[in-house]
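Enquirer: what's the 3D shape of this:
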Amino acid sequence: MIDPSLLEALRAIPATAGLRPDDVVAMTAKGVNHDHYRLRGVALVLRAPRATPWLGDAAAQLEVEAAAFRRAEPAKMTPRLGAILQPSAALPRGALLVEEIIGRPPRLPADLPAIADALARLHALELPAPAERPPLPDHSVTGPVAATFAVITRQHSFLDPSNLARETHAALAAEYAWAEGYAAEASPTEQPAALVGTDTHPGNFIMRADGTAVLVDLERVCYGSPAIDLAHATLLTSTRWDIDVRGEPSRAEVITFYRRYLQTIGAPRAAALRPWLLPARRLTWLRTMMWAVRLRVLFRNRELLVEPRLAEHISQWLDAFLSPETVARCRAEWLSEPPLEFTR
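Expert: Residues are numbered from 1 along each chain as shown. This is a model prediction of the structure:
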């Protein structure tokens with residue numbers, strides 16, 4: 001049964017004033033940061049941020065998420081923003097009402113081209129002047145590489161050898177050393193910037209009946225690197241993260257995804273972006289792995305609680321992707337001969 005105070009908060013919004021208790025349906029939990037409710041009869045979804053160990057100011061978080069939906073809307077590959085519910089007793093961290101997207105989870109690798117097309121549309125949006133980019137984070141100031149390495153560094157204290165296989169700890173330490181050196185040398189202005197989704201794993205997309213892909217989770221949208229979006233859509237740690245979307249694209253299928261995207265954005269932009277593609281995969285993989293290390297600690301300390309089905313899936317995901325075998329498999333993209341390459 002829905003909390004009466006939540007229903008009261010929804011009834012204060014004109015678009016949802018007529019909702020009945022049975023119209024507010026909790027959706028299956030798929031991530032750790034939000035609860036979602038389908039609102040029957042009004043074609044809207046309620047996105048309510050959860051209390052997590054990495055939360056910031058509730059009102060500021062809500063403002064950033066709302067701005068993300070507004071800024072991305074012209075690309076026509078995200079849900080439209082319906083309304084903002086400010087923090088209250090019923091919704092301690094507030095919530096957003098967004099368009100309900102009717103469709104199905106992506107099937108991998110078949111739907112990767114549609115995801116490439118969706119990302120190309122998002123990245124093609126006109127880049128506003130720096131003064132107009134807040135409240136969204138602007139990684140073009142320090143550079144996307146430095147911004148990503150800063151995220152990695154915030155998780156570094158959780159890299160405890162006692163919680164990892166020796167080979168995994170050694171590999172992550174080596175990748176951290178590489179990332180530190182790469183971030184120190186990368187120029188903030190060389191890499192092309194765009195409005196990016198950041199958290200673009202395939203489970204955050206819904207496929208419409210017409211075959212187009214819609215990015216439905218926009219909490220980490222910022223002005224940053226398109227190369228990171230492409231990496232997060234196709235890395236093994238992403239394509240098996242979601243509880244309903246699991247696949248293991250081959251090297252050839254990953255290359256096909258990139259070629260589709262690069263052909264769509266045109267030769268000049270593709271040429272500017274191409275040198276950053278493989279380093280972005282390496283950085284994005286390390287970002288994911290360091291987050292996984294922290295997530296394992298939070299789960300073991302019971303600092304982050306989710307429903308049992310999702311908890312079991314995350315536990316299995318952590319075990320699989322922190323294993324030496326999977327770590328070696330992922331690192332082979334850039335350490336093998338030849339490394340993964342994105343040619344014309």
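Enquirer: quick check: which ranges of the chain have low pLDDT?
Expert: 1, 344 (pLDDT under 70).
Enquirer: for it, which helix is longest?
Expert: Using DSSP state H to define each element, the chain has its longest helix at helix 277-300.
Enquirer: CA-only coordinates of that one in PDB, if you can.
Expert: Provided in PDB are the C-alpha atoms of helix 277-300 (Å, rounded to 0.1, in the frame of the first residue of the first chain):
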ATOM      1  CA  LEU A 277      38.300   6.500 -27.300                       C
ATOM      2  CA  LEU A 278      40.600   3.800 -26.000                       C
ATOM      3  CA  PRO A 279      42.000   5.800 -23.100                       C
ATOM      4  CA  ALA A 280      38.400   6.700 -22.100                       C
ATOM      5  CA  ARG A 281      37.600   2.900 -22.000                       C
ATOM      6  CA  ARG A 282      40.500   2.400 -19.700                       C
ATOM      7  CA  LEU A 283      39.500   5.300 -17.400                       C
ATOM      8  CA  THR A 284      35.800   4.400 -17.400                       C
ATOM      9  CA  TRP A 285      36.600   0.700 -16.500                       C
ATOM     10  CA  LEU A 286      38.800   1.800 -13.600                       C
ATOM     11  CA  ARG A 287      36.100   4.300 -12.500                       C
ATOM     12  CA  THR A 288      33.600   1.400 -12.500                       C
ATOM     13  CA  MET A 289      35.900  -1.000 -10.700                       C
ATOM     14  CA  MET A 290      36.800   1.500  -8.000                       C
ATOM     15  CA  TRP A 291      33.100   2.200  -7.400                       C
ATOM     16  CA  ALA A 292      32.600  -1.600  -7.200                       C
ATOM     17  CA  VAL A 293      35.300  -1.800  -4.500                       C
ATOM     18  CA  ARG A 294      33.600   0.800  -2.500                       C
ATOM     19  CA  LEU A 295      30.200  -0.800  -3.100                       C
ATOM     20  CA  ARG A 296      31.400  -4.100  -1.800                       C
ATOM     21  CA  VAL A 297      32.600  -2.400   1.400                       C
ATOM     22  CA  LEU A 298      29.200  -0.700   1.800                       C
ATOM     23  CA  PHE A 299      27.300  -3.900   1.300                       C
ATOM     24  CA  ARG A 300      29.500  -5.800   3.800                       C
END
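Enquirer: that helix: what's the following helix or strand?
Expert: As assigned by DSSP states H and E, the chain's next helix or strand after helix 277-300 is helix 308-321.
Enquirer: residue 84 belongs to a helix?
Expert: No. Using DSSP: H, G, I helix; E, B strand; the rest coil, the secondary structure at residue 84 is strand, not a helix.
Enquirer: ok, the nearest residue to it once chain neighbours are set aside to residue 81 distance?
Expert: Counting by CB to CB, 6 or more residues apart in numbering, residue 66 is the residue found nearest to residue 84 once chain neighbours are left out, at 5.3 Å. Heads up, the C-betas are built off the backbone N, CA and C, glycines and all. Counting by CB to CB, to the nearest Å, the gap from residue 66 to residue 81 is 6 Å.
Enquirer: kindly report the same for residue 28.
Expert: For residue 28, the distance to residue 81 - CB to CB - is 23 Å.
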